[in-house]
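K.L.:
turn this into a structure:
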Amino acid sequence: MIQSLGFLDGKYSHNDPPKKLLDHLIGVLEIAKDINNFHKLNADIENIALTHDIAKSHESFQNHLNGRQIRFEHSEPSAFFLLNITKDILQSEIVRMHHSKIRNLQEVNTFWNSENIYSNFIKIREFTGQDFELLSKQDIKRLTFQFFLRKLNIKDWLNFKTAYSILITADRFDASNAGKINFETPKLDNQKLIKYISQIPENALSKWRQEVRKETIKNVEEKVKNPGIYTLTLPTGAGKTLIGLEVASMISKRFNLNTIVYVLPFISIVEQNSFVAKNIFEKAQEDHHLVDLGKNTEEMTNLERFISSFRYWIDPVIITTFAKFWETLYSPYSNDTMNFHRLKDAIVILDEPQSLDSKFWSGFGRTLEFLSKEYGTFFILMTATQPKMANGIEIAPPVEIPYSRHIYKIVQGKKRIEDLEAFLDFKDSGLMVFNTRKSALKAYKLFNKKSKGKTFFLSTWIIPVERRKKLKEIKKLEMNNEPRTLFSTQVVEAGVDLDFDWAFRDIGPMDSIVQVAGRCNRNMRRSNGKITIASLINENERTFASSVYGQVLISKTEEVLSHFEEFSEKEIPKILSEYYRKVSEAISQDGPWYHIEKGEWGYYENLFEERRESLVFVDIDGTIEDALYELNEMDKNIENLSKRKQIWKNLQNYAINVPQEYMETWNRNINGFILDDSIPAVEEFQPGIWIIRKSGIGKVYMPDTGFVPPQEDDVDD
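P.N.:
Just a heads-up that it's a prediction; the model follows:
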C-alpha cells in the first residue's frame, strides 16, 4: 500500500547518512515484526510503523534536512494521516507521541475533541496533495465521541504501551542503521558454571551452601509450574546470586523464555553480579548509566552506538538497576519505554526488593501480578529480608544458618557520635554505617586513628571511579586476612560482598540493619561477630535517621527492638516478619500503578526522591574540564547523540551530587578574594553544574574522604 503513495517519492527521513523516507518506514515495519514475532506479541503495529514519520514528506521537513533553519513537527500530522486510514484513535495517539511521552487519557480526550482539530487535520493535504480523500469534520467528531464513550482499562494501557515500546525501538534502531535485531535466548554454559563454582574459596559455610543450592533446585522442579511470583528467601552468605541465576536459567529453558533480567539496587553490585553472569552465560549485558563498552564512539559499530545511546536490552541476559527497571515499567517518556516489550515471556530476578520505598510495595506487587498473568512473566523476589510485597510461592528450602554468625547488641537511649568510643573497641576488622554523609565523615575523623589496620571512607560524596577502587582494595585485604575498618553511608548495605569481624549501624529501618549485619562474619571466619545498634543525634538533638527515613520506618524498627537488649541471627526471621507487618499496616500505599488504573497513563513518580542538588565534576586527573567543554560545544543533533552520551557516561565516573548552597559557599570562600587572572578552584560551569579543578583537590575535595562540606554550614545533609 505505502509504495503506491506517490508523494513519498524522492523524500528523505534522515540526512546523515541520507535515508529515503520509504526505506525508513519499511525498515521500521520489518524490525517491529521481528520484535513482535520473537516475543510472541500480538501488537497491531503495521499501520503505526508505516505511517509514524509519513509527514516528513512535507516540504518544510525536507528543507529542514537540507540545512535550512526551519522547524517542522512531523508527529502530529502523521497521526492525523493514520487516523484518516484506520479510524483508530489509540494507534494515532501512539504516532502523535512517538517523540515525547504517553499522555493521561483526559489529556488525550481534550486534544482529539478540541475545536481546532479539523483545521489542523486537513493540513495533511500539504504533503499528500489536494486530491487526497479525507474524513469529514462530522466523521472525526463521531469517531472521537464513540471512542471516549468506551471505558479504557489496564489491559488497554498494556496494549498501548506494548505497541508504543515496539515502535520506539524499531524507529530508533532503523534510524541508527544498526541492521537487524538478532535476538537470542539465554544459554547457561554448564562447564563454565562448574569451573566458576570450583573457584569459590572454601569456608565454614561451603557445605551448607551446596545443600541449600541442591534443595532450591529440587524445589524449582517441583513448585514452578506457571508464570507468577516466586520468592527466594535465604540468609546473607547463602550464595543467592549464583542460585538465582541458575534457577532463572532452569526456568527459562523449561518454559522457552526469551530473556533473563536480573535487577539490583546499586550500580556497584550490578557490576559485581555482571561479572558472575558473564562467567556462566554465553551472553550477558551489563546495564547502568556508567557502563563502559571499552571503545571510543568512533570505534563502535552502529549496533554498539545504538545500545550505548538508548540502553536497549539486546542480549538474552540483562543485569540492571532497580531505577532502570522502574523506568521501564512506568515511565511514559518514549525512550524509557523501549525495553518494556522485553518483559514478555521473561524471567525477572528482583534482588533485594525491600530497597523500594515501602509506600510502593503494594502497587509494585500488583504490577508484577498483572504482568505475570498478561505477559507470561516469571518474577523471583530474592532477599534475606522478604517484604510483604506480593503473595509468592517460596522456592527456597526452610533453612537457617547452621551457626549463628553474629549477635545484635542494642545501645539504649540517644547517643552522640563522640559516645561511640564507649561501646566500640575498634579491634580487628570493622564496618561502621551511618545515615548521612556528614555523620559518617565526622566519625571517620574522630576514630580512624583508633581503628586497627587500614581505614577507608565511603559515601556518595566520593566519585564513583574512586569508590570502585576502594571496594577492590578492601576486598583484597579481606582475602589476605589483613585488618581494615570501613566508615560508610548506606552505599555499602545491600549485596556488596565484604566481610568484617564487627559492625556498627546507626538506627535505620530493620531490613537495612539486617543488610549491614550480612557484612559481619559473613563467611564464618570467627566464632561470632557483633553488630551494635545505636540511635545517633546531632548537635541539635535531632536523630540523623530522621533526616533520611520516614518516621514510620524508624518508629516500627524501635518498636520491634524495644523487647531486646541483644539477640542472635537466628531470631531475625521472626523480628522481620513483625516489622513488615507493622510497616504494612502503618503506611498508605501510593505509586504509578494506582494512577495508571485511573487512566493517568502519563503519570510518573521517580523511584528515588529527587533531591535539589547540584551536579559537581571533580577534575582529579586534569581531563574532565576539556571533556565538559567538548560536550558543551558539540551540536545537539542525532548524528552526535551516541558520542555525546559516551562522553557523558565517562564524565559520570567523576561526578557527585552536592547541595547548591554548599558549592556557593565554597565559591565565596575560595574565590571571593581573587584579584588576578587565576583560574578559580571552584566554578559554576552552567546553572546547577559545577567543576572542582585540580587546585581544589585537598581543600574542597579530599582524595580519601571526597567532598568537604564548608565549615560555616551546620545543617546536616
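K.L.:
following the least confident helix or strand in the chain by mean pLDDT in sequence, what is the next regular element?
P.N.:
Least confident helix or strand, the chain: helix 641-652 with a mean of 80, by mean pLDDT, DSSP states H and E. Downstream of helix 641-652, the next assigned helix or strand under DSSP states H and E is strand 655-659.
K.L.:
how far away from the center of its chain is that following strand?
P.N.:
Centre-to-centre, strand 655-659 and its host chain are 18 Å apart (C-alpha atoms, centre = their mean, to the nearest Å).
K.L.:
dump it to CSV, restricted to CA.
P.N.:
Only the C-alpha atoms of strand 655-659 are listed here, as CSV (Å, rounded to 0.1, in the frame of the first residue of the first chain):
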residue,chain,number,x,y,z
ALA,A,655,30.6,13.3,39.3
ILE,A,656,28.9,13.7,42.7
ASN,A,657,25.7,15.4,43.8
VAL,A,658,26.1,18.2,46.4
PRO,A,659,23.6,20.8,47.7
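K.L.:
if we can go back for a sec, chain center to the least confident helix or strand of the chain, what's the gap?
P.N.:
18 Å.
K.L.:
show me what it is packed up against.
P.N.:
In terms of contacts (3 or more C-beta pairs under 8 Å, 6 or more residues apart in numbering; DSSP states H and E), helix 641-652 is packed against helix 302-310, helix 624-633. All C-beta spots, glycine's among them, are computed from the backbone N, C-alpha and C.
K.L.:
and the longest one, what does it pack against?
P.N.:
In other words, helix 624-633. strand 613-618, helix 641-652, strand 682-686, strand 689-692.
K.L.:
now it and strand 682-686, what's the angle there?
P.N.:
Going by axes from the mean of the first three to the mean of the last three C-alpha atoms, to 10 degrees, helix 624-633 is angled at 20 degrees with respect to strand 682-686.
K.L.:
ok, and for helix 624-633, which residues are buried?
P.N.:
624, 625, 627, 628, 631 (16 or more other C-beta atoms under 10 Å).
K.L.:
what's the closest non-adjacent residue to residue 314?
P.N.:
residue 307 (5.9 Å; C-beta to C-beta, 6 or more residues apart in numbering).
K.L.:
ugh, wrong one, I meant residue 347
P.N.:
residue 378 (4.2 Å).
K.L.:
next up, the contacts around the one you found.
P.N.:
224, 227, 228, 230, 251, 255, 257, 346, 347, 348, 372 (C-beta atoms under 8 Å, 6 or more residues apart in numbering).
K.L.:
could I get the buried residue list for stretch 139-155?
P.N.:
Neighbour-count burial for stretch 139-155, with 16+ other C-beta under 10 Å as criterion, is recorded at 140, 143, 144, 147, 148, 152, 154.
K.L.:
local confidence estimate at the fifth one?
P.N.:
The predicted structure scores residue 148 at 86 on the pLDDT scale.
K.L.:
so is residue 109 in a helix, a strand, or just coil?
P.N.:
Counting by DSSP: H, G, I helix; E, B strand; the rest coil, the backbone at residue 109 sits in helix.
K.L.:
tell me, how many neighbours does it end up with?
P.N.:
16 (other C-beta atoms under 10 Å).
K.L.:
mind checking pLDDT for it?
P.N.:
pLDDT recorded at residue 109 is 92.
K.L.:
surely it is in contact with residue 145?
P.N.:
No. In this structure, residue 109 is not within contact of residue 145 by C-beta atoms under 8 Å, at 10.4 Å.
K.L.:
any stretches of this protein with poor pLDDT?
P.N.:
In the predicted model, the chain carries pLDDT under 70 at residues 1, 3-4, 290, 292-297, 493-495, 609-611, 636-639, 672-677, 712-717.
K.L.:
what residue of it is the furthest out?
P.N.:
Going by C-alpha atoms, centre = their mean, the residue of the chain most distant from its centre is residue 131, 50.3 Å out.
K.L.:
show me which residues of the longest strand along the chain are buried.
P.N.:
Taking DSSP state E as the criterion, the chain has its longest strand at strand 406-415. Applying a neighbour-count criterion of 16+ other C-beta under 10 Å, one finds 406, 407, 408, 409, 410, 411, 415 buried in strand 406-415.
K.L.:
where along the stretch 151-300 of the chain do the strands fall?
P.N.:
229-233, 259-264, 285-286 (DSSP state E, counting those that start in this stretch).
K.L.:
could I get the full set of strands for the stretch 1-150 of the chain?
P.N.:
Taking DSSP E, counting those that start in this stretch as the test, the strands found in the stretch 1-150 of the chain are 12-15, 18-20.
K.L.:
deepest in the core, which of those strands is it.
P.N.:
Greatest average neighbour count among the strands of the stretch 1-150 of the chain goes to strand 12-15 (a mean of 20), per mean count of other C-beta atoms under 10 Å.
K.L.:
ok, and what's touching it?
P.N.:
Counting by C-beta under 8 Å, 6+ apart, 18-21, 23-25, 53, 56, 62, 65-66, 175, 638 sit against strand 12-15.
K.L.:
drop anything exposed from the residues you listed.
P.N.:
Buried among the contacts of strand 12-15 by 16+ other C-beta under 10 Å: 19, 20, 21, 24, 25, 53, 56, 62, 65, 175.
K.L.:
for these, work out which two are farthest apart.
P.N.:
Within the buried ones among the contacts of strand 12-15, two members stand farthest from each other by C-beta to C-beta: 62 and 175, at 16.6 Å.
K.L.:
quick one: the longest helix seen in the chain to helix 302-310, angle?
P.N.:
In the chain, assigned by DSSP state H, the helix with the most residues is helix 154-175. If you take the same axes, to 10 degrees, helix 154-175 sits at 130 degrees to helix 302-310.
K.L.:
buried sites along helix 154-175?
P.N.:
Using 16+ other C-beta under 10 Å as the test for burial, helix 154-175 gives 154, 157-175.
K.L.:
let me know the angle separating the least confident helix or strand of the chain from strand 655-659.
P.N.:
Here the directions of helix 641-652 and strand 655-659 differ by 70 degrees (the same axes, to 10 degrees).
K.L.:
ok, which stretches of the stretch 401-550 of the chain are strands?
P.N.:
Under DSSP E, counting those that start in this stretch, the stretch 401-550 of the chain gives strands at 406-415, 430-433, 454-458, 484-488, 502-506, 529-536.
K.L.:
for the nearest residue to residue 592 once chain neighbours are set aside, what are its contacts?
P.N.:
In space, and not counting its chain neighbours, residue 592 is closest to residue 330: 3.9 Å by C-beta to C-beta, 6+ apart. By C-beta under 8 Å, 6+ apart, the contact set of residue 330 is 592, 593, 596, 604, 605.
K.L.:
cool, and residue 54?
P.N.:
Contacts of residue 54 by C-beta under 8 Å, 6+ apart are 8, 21, 25, 78, 81, 82, 127.
K.L.:
of those, which belong to helices?
P.N.:
Judged by DSSP H, these include 21, 25, 78, 81, 82, 127 as members of helices.
K.L.:
these: which two are farthest apart?
P.N.:
Longest span within the ones in helices among the contacts of residue 54, C-beta to C-beta: 21 and 82, 15.2 Å.
K.L.:
returning to that earlier point: wait, which of the helices and strands packed on helix 624-633 is closest to residue 359?
P.N.:
strand 613-618 (22.2 Å).
K.L.:
partner strands of the closest one, with direction?
P.N.:
In the sheet, strand 613-618 lines up against strand 655-659 (antiparallel), strand 689-692 (parallel) (DSSP bridges).
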